[in-house]
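S.K.: Task: produce atomic coordinates for the following.
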Amino acid sequence: MDAIFEAYLAAQRRRRSSPLTIKATTHALRTTQRWLDQRGIAPSELTLLQCEEYFDELLDQGAVSTVRRHLAYVRAAYRYGVRHDLVERDPTMDVRLPWLPDIEPATYSTEQLKAIHAAIRCEREEAAFFLFAFGGLRLGEVAGLRWAQVDFDRWQIRLTGKGGKFRLVPLHPVLNEVLREQKQRTRPLDEYVLTTINGQRLAARTLGRTVRELVDHAGVEVDSPSHAFRRTVATVMYEQGVRTRVIERIMGWAPRRMHERHYLRVADEPMHEAILSLYREDPICGRQERAIRLTALPTPAAKPSIWLANEAWRLEQLERRLGIQA
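M.R.: Coordinates of the predicted model:
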């Protein structure tokens, strides 16, 4: 590859970018290099018009989302080259691609979740299903989940997600039960929750195929089946009235505040209450029905939980102070 592209890849490695990011960047730059070589164009001499022609050809071959990611990788390489005087200008600067259509995000209905649960055929599928459906974890997070990250005493999972962002995911009683059973089945030296036959870490691609096969076996049609679980968890919590800030903390979307970054090591009560709200009105499996009976989980008609009562008290005190000041 040209020195411009090689320099950017070297910078990515120095920045300790994830292997997947480096792999995707390398693929995009090599594809660009091949197109340039076929036309005898040096990367430093690529014009805006030629660049537009290149991405127009890509749009004829692939999805808009794929081409937009491709443009992002190539543009980042050229911008790096401009900053370090490897190239005079960025030919991708004025390239414009179609916007992605605004479609409804794919989620599972309760009936579909029940069907998927009924289609479970092995222990791996069972553990993966409950981690996705009751934890909202990403595919890579489930594949790479270590037992050291599962804190049974505090009922939580410690994760480091995208961008190295640390977050806590409370353990739903059902997920806690499934993981404890999984722990009893694993060998003492097994490091990961889901492993291969040899006890090695399960590849995300392999887990993705497993989930795809499970969902297909249940007769459910959905794109990106693993990520649809994550969207479902967030959607159900929102529909149950969970505050957006709490949902964002559980899903790892919210920017972490100073005290959370340095001091928070235990998921607080609002986060646990949010997880307990999942499918509470219409349980998706027998495990959850038993958990509701045994733990007497509150329903919307029941009296508010302790943290909700505290929130109401604080608002009442605030209203009184404002009334006095007025």
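
S.K.: Go through whatever helix or strand Arg75 lives in and flag the buried ones.
M.R.: Per DSSP states H and E, Arg75 falls inside helix 64-83. For helix 64-83, burial by neighbour count (16 or more other CB atoms under 10 Å) applies to 67-68, 70-71, 73-78, 80-81. Yep, even glycine has a C-beta here, placed from its N, CA and C like the rest.

S.K.: export the residues you listed to TSV and tack on distance to Lys162 and pLDDT?
M.R.: Putting the buried residues of helix 64-83 into TSV (distance: CB to CB, whole Å; pLDDT from 0 to 100) gives the following:
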residue	distance to Lys162	pLDDT
Val67	22	95
Arg68	18	94
His70	20	96
Leu71	20	96
Tyr73	17	97
Val74	22	97
Arg75	20	97
Ala76	17	97
Ala77	21	96
Tyr78	24	97
Tyr80	21	96
Gly81	26	96
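
S.K.: Can you tell me which of those is closest to Cys285?
M.R.: Closest approach to Cys285 among the buried residues of helix 64-83 (CB to CB): Arg68, at 38.6 Å.

S.K.: what's the distance between the closest residue in space to the closest one that isn't next to it in sequence and Ala24?
M.R.: Spatial nearest neighbour of Arg68, excluding adjacent residues (CB to CB, 6 or more residues apart in numbering): Leu97 at 5.5 Å. Taking CB to CB, to the nearest Å as the measure, Leu97 falls 17 Å from Ala24.

S.K.: Least confident secondary structure element in this structure?
M.R.: The helix or strand with the lowest mean pLDDT-type score in the chain, counting by mean pLDDT, DSSP states H and E, is helix 258-262 (a mean of 48).

S.K.: downstream neighbour of that one in the secondary structure list?
M.R.: Helix 258-262 is succeeded, C-terminally, by helix 269-276 (DSSP H and E).

S.K.: buried ones in that next one?
M.R.: 270-276.

S.K.: same question, stretch 83-96
M.R.: Quick answer for stretch 83-96 (16+ other CB under 10 Å): 86-87, 90-92, 95.

S.K.: And for stretch 223-242?
M.R.: Quick answer for stretch 223-242 (16+ other CB under 10 Å): 225-234, 236-237, 240, 242.

S.K.: out of those, who's nearest Arg39?
M.R.: His227 (37.4 Å).

S.K.: Span of stretch 91-106 from start to end?
M.R.: 36 Å (CA to CA, to the nearest Å).

S.K.: Just the mean pLDDT for it, thanks.
M.R.: For stretch 91-106, the mean per-residue pLDDT is 84.

S.K.: now swap in stretch 292-301 and tell me
M.R.: So the average pLDDT for stretch 292-301 ends up being 54.

S.K.: just to revisit the earlier point, now, which of the buried residues of stretch 223-242 sits nearest Leu207?
M.R.: Out of these, the member with the shortest distance to Leu207 (by CB to CB) is Ser226, at 7.6 Å.

S.K.: how much space between that closest one and Ile4?
M.R.: On the measure of CB to CB, Ser226 and Ile4 end up 36 Å apart.

S.K.: next one: Thr244
M.R.: Counting by CB to CB - Thr244 and Ile4 are separated by 42 Å.

S.K.: the more surrounded of the two?
M.R.: Neighbours were counted for Thr244 and for Ile4 using other CB atoms under 10 Å; Ile4 has more, 21 against 12.

S.K.: List the residues that contact that one.
M.R.: Applying CB atoms under 8 Å, 6 or more residues apart in numbering to Ile4 gives the contacts 43-44, 77-78, 80-81, 86-87.

S.K.: Throw these into TSV and include distance to Val220, thanks.
M.R.: Converted to TSV, the contacts of Ile4 look like this (distance: CB to CB, whole Å):
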residue	distance to Val220
Pro43	45
Ser44	50
Ala77	40
Tyr78	42
Tyr80	43
Gly81	46
Leu86	49
Val87	49
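
S.K.: Thanks a lot, catch you later.
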